[in-house]
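Chemist: need a 3D model of the sequence below.
(one chain, ligands or ions: 2)
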Amino acid sequence: MTNILEVQDLCKTYVVNKRQNNVLKNVNFSVDEGEMVAVMGPSGSGKSTLLYSVSGMDGITAGEVKFCGKSVSKMTQKDLAKLRLDEMGFIFQQMYMLKNLSVLDNILLPACQSDKIR
Ligand SMILES: Nc1ncnc2c1ncn2[C@@H]1O[C@H](COP(=O)(O)OP(=O)(O)O)[C@@H](O)[C@H]1O
Ligand SMILES: [Mg+2]
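Modeler: Ligands and ions are numbered 1, 2, ... in the order given. Model prediction:
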């Protein structure tokens, strides 16, 4: 089976008002092609932080995230945008829609932008 996602010793620390919050501490897991994985935990335990970190939407403090063998933290913003557009799909908890566009235009917008990141 192909290894899609590999996470090694992932750490993510937020610093707010000089106070450190070590949200992810040496997280290790891998996901194979076709595998279904659910991330579960109480509110505030770091589920969203984990997903933002593995997608490259947010930087990581330490460790390694490999998507299809490529190191996510070494990718440029342009490469990351292309990766998310072509290889990943997200359904966010909150609506991140542009209010001045229709629902259809919100859906079409990433496709219109795609030529700018190729
Ligand atoms: N952008 C941020 N800046 C600072 N702290 C954050 C940020 N996002 C989340 N946190 C903190 O990280 C911890 C985990 O949050 P989060 O990943 O949203 O948890 P979950 O999705 O499991 O509810 C919480 O203590 C939260 O306050
Ligand atoms: Mg969350």
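
Chemist: this protein against ligand 2: which residues are in contact?
Modeler: 47-48 (Cβ under 5 Å from the ion). The C-beta positions use only the backbone N, C-alpha and C, and glycine is treated the same way.

Chemist: OK, contacts around the single nearest residue of the chain relative to ligand 2?
Modeler: Going by Cβ to the ion, ligand 2 is nearest to Ser48 of the chain, at 3.2 Å. Residues in contact with Ser48, defined by Cβ atoms under 8 Å, 6 or more residues apart in numbering, are Gln93.

Chemist: Val15 too?
Modeler: Counting by Cβ under 8 Å, 6+ apart, the residues that Val15 touches are Asn21.

Chemist: helix, strand, or coil at the residue of the chain closest to ligand 2?
Modeler: Per DSSP: H, G, I helix; E, B strand; the rest coil, the local secondary structure of Ser48 is helix.

Chemist: read off the pLDDT value for it.
Modeler: Residue-level confidence at Ser48 comes out at 95, pLDDT.

Chemist: check Ile60 too.
Modeler: 96.

Chemist: list the residues that contact it.
Modeler: Taking Cβ under 8 Å, 6+ apart as the criterion, Ile60 is in contact with 10-12, 53, 73.

Chemist: out of these, who's the most crowded?
Modeler: Tallying neighbours with other Cβ atoms under 10 Å puts Ser53 at the head of those, with 25 neighbours.

Chemist: mind listing what that one touches?
Modeler: Counting by Cβ under 8 Å, 6+ apart, Ser53 makes contact with 10, 12, 24, 59-60, 65.

Chemist: is it in a helix, a strand, or coil?
Modeler: The three-state label given to Ser53 by three-state DSSP is helix.

Chemist: hang on, the earlier thing: tell me the one of the contacts of Ile60 nearest Val103?
Modeler: Distance to Val103 across the contacts of Ile60 (Cβ to Cβ) is lowest for Ser53, with 29.1 Å.

Chemist: for ligand 1, see how far away the closest one is.
Modeler: 9 Å (Cβ to the nearest ligand atom, to the nearest Å).
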